[in-house]
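Engineer: this is a predicted model, with the sequence first.
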Amino acid sequence: MNSPDTTGALTGERLLAEQCIPCSALRPSLFQFIQKQHPQLTEADSISTDELATFKADYVEDALSEELGEITDLERDVIESLREHELVSASPADRADDASRTLGERLADRIAEFGGSWGFILSFVAFLALWLVGNTLVLTTHPPDPYPFIFLNLILSCVAAIQAPVIMMSQNRQELRDRLRAEQDYKVNLKAELEIRHLHEKVDHLLHHHAQRLLEIQQIQTDMLRQLVSATGASPRTSP
């Protein structure tokens with residue numbers, strides 16, 4: 001069974017019932033915002049869901065401009081996600097994945113990862129032990145690096161000089177990931193706050209509208225009861 005068609009008040013196009021929403025179902029603040037742009041619009045009219053998404057994004061942008069004074073690129077991304085019905089909860093790791101890293105960045109991450117592990121510590125301790133034992137106990141006649149182990153000090157200095165900037169490179173990339181993650185969290189929280197605020201206002205509007213309908217129904221029932229009493233010629237009894 002096909003849904004009845006409805007004419008869009010702004011475009012004049014024929015729309016299915018699931019493709020449009022009546023203006024009476026909109027919360028008052030949003031409907032008033034739309035009426036500022038289209039004064040001919042009434043609560044009896046209907047607009048398409050795509051037009052509603054655009055108006056909602058414009059309304060959010062106007063509200064944020066009043067509250068924050070200036071809209072940043074992050075807030076504009078959230079507004080566009082509302083307009084296009086897109087998600088903003090993508091992982092920031094997708095924007096800094098292995099495919100986008102250069103060879104030097106991947107090498108720096110691997111070296112920094114290994115340099116901060118127990119494997120590096122244990123292997124380095126084993127290397128020092130072998131070096132000291134080999135130059136003091138095994139090769140006693142002509143050791144390649146006798147005490148005070150000048151060549152070993154040179155090796156350690158070179159390792160430290162190379163490892164320090166490599167670790168700093170990896171830390172810079174980690175700071176980039178943290179910044180992207182913080183931006184992503186901000187956008188998700190902002191969109192959630194806007195959606196929750198929209199839901200609260202819409203629920204309040206629906207409750208108020210429902211209460212008005214109940215009052216109208218009660219008034220109609222009271223009028224029908226009075227007409228019935230008048231028609232039968234009976235008078236309501238008063239309580240003692």
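Structural biologist: Structure's in. What do you need?
Engineer: what's the single longest helix in this protein?
Structural biologist: The longest helix of the chain (DSSP state H) is helix 150-232.
Engineer: mind giving me the packing neighbours of it?
Structural biologist: Secondary-structure packing of helix 150-232 (3 or more C-beta pairs under 8 Å, 6 or more residues apart in numbering; DSSP states H and E): helix 28-37, helix 73-84, helix 103-115. Every residue, glycine included, has its C-beta placed from N, CA and C.
Engineer: how about the secondary structure of Ile21?
Structural biologist: With DSSP: H, G, I helix; E, B strand; the rest coil as the basis, Ile21 sits in strand.
Engineer: cool, the one 3 residues further on as well?
Structural biologist: When classified by three-state DSSP, Ser24 comes out as helix.
Engineer: nearest residue to it in space, please, no chain neighbours.
Structural biologist: Glu43 (4.3 Å; C-beta to C-beta, 6 or more residues apart in numbering).
Engineer: so when I look at that neighbour, I'm seeing a helix, right?
Structural biologist: No - Glu43: not assigned to a helix; according to three-state DSSP it is coil.
Engineer: so how far is Gln35 from it?
Structural biologist: 10 Å (C-beta to C-beta, to the nearest Å).
Engineer: show me which positions of stretch 106-126 end up buried.
Structural biologist: Ala108, Asp109, Ile111, Ala112, Gly115 (16 or more other C-beta atoms under 10 Å).
Engineer: right, I mislabeled it, should have said stretch 162-174
Structural biologist: Val166, Met169, Ser170, Arg173.
Engineer: wait, which of these is closest to Asn153?
Structural biologist: Nearest to Asn153 among those is Val166, at 20.4 Å by C-beta to C-beta.
Engineer: quick one: contacts for the closest one?
Structural biologist: By C-beta atoms under 8 Å, 6 or more residues apart in numbering, the contact set of Val166 is Ala108, Ile111, Ala112, Gly115.
Engineer: list the contacts for the second one?
Structural biologist: Which is Ile111. By C-beta under 8 Å, 6+ apart, the neighbours of Ile111 are Gln163, Val166, Ile167, Ser170.
Engineer: just the closest of the residues you listed to Ile21, please.
Structural biologist: Within the contacts of Ile111, the smallest distance to Ile21 is 51.3 Å, found for Ser170 (C-beta to C-beta).
Engineer: now do the residue lying closest to the closest one once chain neighbours are set aside against Arg101, distance only.
Structural biologist: Spatial nearest neighbour of Ser170, chain neighbours left out: Ala112 (3.5 Å); criterion: C-beta to C-beta, 6+ apart. Applying C-beta to C-beta, the value for Ala112 to Arg101 is 13 Å.
Engineer: using the record's assignment, carve this protein into domains.
Structural biologist: Listed by automatic domain parsing, the domain ranges of the chain are 1-86, 94-183.
Engineer: which SS state does Ala140 fall under?
Structural biologist: Quick fix: residue 140 reads Thr, not Ala. At Thr140 the chain is in coil, as set by three-state DSSP.
Engineer: roughly how far apart are the residue nearest the centre of the chain and Arg226?
Structural biologist: Nearest residue to the geometric centre of the chain (C-alpha atoms, centre = their mean): Val188, 1.8 Å. Counting by C-beta to C-beta, the gap from Val188 to Arg226 is 57 Å.
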